[in-house]
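Novice: Quick check, what structure comes out for this input:
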Amino acid sequence: MRHPLKVSDVMTREVITVTEDTPYKEVVSLLATHHISAVPVLNRYGGIGGVVSETDLLRKEEFRRRPSPWLLRWWGSATRSKAAGARAGEVMSHPAVTIAETATIPDAARLLAARGITRLVVTTADGEVLAGIVTRSDLLKAFLEPDDRILQRIRRDVVVHALWDDPFGIEITVHDGVVTLSGEVDQRSTAAVAAKLTREIDGVVDVDNQLTWVYDDLAATPNPQPSPESRRRP
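Specialist: Purely as a prediction, here's the structure:
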């Protein structure tokens, strides 16, 4: 368990929401009042119908002046529909991009990057109920972990649980999230694995791997040359 921090640890739990029937102007007011850029939209059953963001709302501004016919065709019917919408359900983006509260911080970061968005709607583990909102700035909270807590996690999750070694056999120091590994291990592969797993610990900024080893098990084994006798044909 090398990623103890979950989305639920950094997300915002008190979420401002609207319904599909919330008027356009009220949505704008909520965003301005609470200094946020988007809100989840709940459907009539209380489920997550979508998300309405500043980008969705600005579609109306794009069409404020009557565009030329060719520009209307270029924008497409979906964009024109949003621009004409007067309620949250008519201007929202759907389906919402969601992630479970049990997901790891790296999972959330990868999903944000893949979709090119700045926030995710967080659901309960079953994906049915709204649990919160997580943004890119929330994910950066992982790097606020104190150095002593990072040190404890490396000893527990890397050295003891993964390498099955003495937690004090490998010397570990942490300063401003930068981890230095030193000491001697039996095999070169162990040193490589230790550095890789350490990088995966939440809060680690970088790893300076100074571990040495007794046996280089990663060295290429030369192909044995056949003896002159073996090359002779019978």
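
Novice: Distance-wise, check the closest residue to residue 136 other than its chain neighbours relative to residue 17.
Specialist: For residue 136, ignoring the flanking residues on the chain, the nearest one in space by CB to CB, 6 or more residues apart in numbering is residue 118 at 5.4 Å. C-beta: built from backbone N, CA, C; applies to glycine. Residue 118 sits 18 Å away from residue 17, going by CB to CB, to the nearest Å.

Novice: neighbour-wise, which of those two wins?
Specialist: More crowded of residue 118 and residue 17, by other CB atoms under 10 Å: residue 17, with 16 against 12.

Novice: what sits against that one?
Specialist: Shown in contact with residue 17 (CB atoms under 8 Å, 6 or more residues apart in numbering): 39-42, 130.

Novice: Most neighbours among these, please name it.
Specialist: The residue in the contacts of residue 17 with the most neighbours, by other CB under 10 Å, is residue 41 (28 neighbours).

Novice: Alpha carbons of stretch 123-143, as PDB, please.
Specialist: Extracted in PDB, the C-alpha atoms of stretch 123-143 (Å, rounded to 0.1, in the frame of the first residue of the first chain):
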ATOM      1  CA  THR A 123     -18.600  10.000  -5.800                       C
ATOM      2  CA  THR A 124     -18.900   7.300  -3.100                       C
ATOM      3  CA  ALA A 125     -17.200   4.000  -3.800                       C
ATOM      4  CA  ASP A 126     -20.300   2.600  -5.600                       C
ATOM      5  CA  GLY A 127     -20.400   5.700  -7.900                       C
ATOM      6  CA  GLU A 128     -23.900   6.600  -7.000                       C
ATOM      7  CA  VAL A 129     -23.800   9.500  -4.600                       C
ATOM      8  CA  LEU A 130     -21.900  12.800  -4.700                       C
ATOM      9  CA  ALA A 131     -19.200  12.900  -2.100                       C
ATOM     10  CA  GLY A 132     -17.100  16.000  -3.000                       C
ATOM     11  CA  ILE A 133     -15.100  17.900  -5.600                       C
ATOM     12  CA  VAL A 134     -11.300  17.500  -6.100                       C
ATOM     13  CA  THR A 135      -9.200  20.000  -8.100                       C
ATOM     14  CA  ARG A 136      -5.700  20.200  -9.300                       C
ATOM     15  CA  SER A 137      -4.700  22.400  -6.300                       C
ATOM     16  CA  ASP A 138      -6.200  19.800  -4.000                       C
ATOM     17  CA  LEU A 139      -4.000  17.100  -5.400                       C
ATOM     18  CA  LEU A 140      -0.900  19.300  -4.600                       C
ATOM     19  CA  LYS A 141      -1.800  19.000  -0.900                       C
ATOM     20  CA  ALA A 142       0.000  15.600  -1.000                       C
ATOM     21  CA  PHE A 143       3.300  17.500  -1.200                       C
END
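
Novice: Now tell me what touches it from outside.
Specialist: With contact meaning CB under 8 Å, 6+ apart, stretch 123-143 is reached by 5, 7-8, 10-13, 15, 17, 40, 42, 47-48, 98-102, 105, 108-109, 112, 118-122, 177, 202-203, 205.

Novice: Just the buried subset of these, please.
Specialist: 5, 7-8, 10-11, 17, 40, 42, 48, 98-101, 105, 108, 112, 119-122, 177, 202-203 (16 or more other CB atoms under 10 Å).
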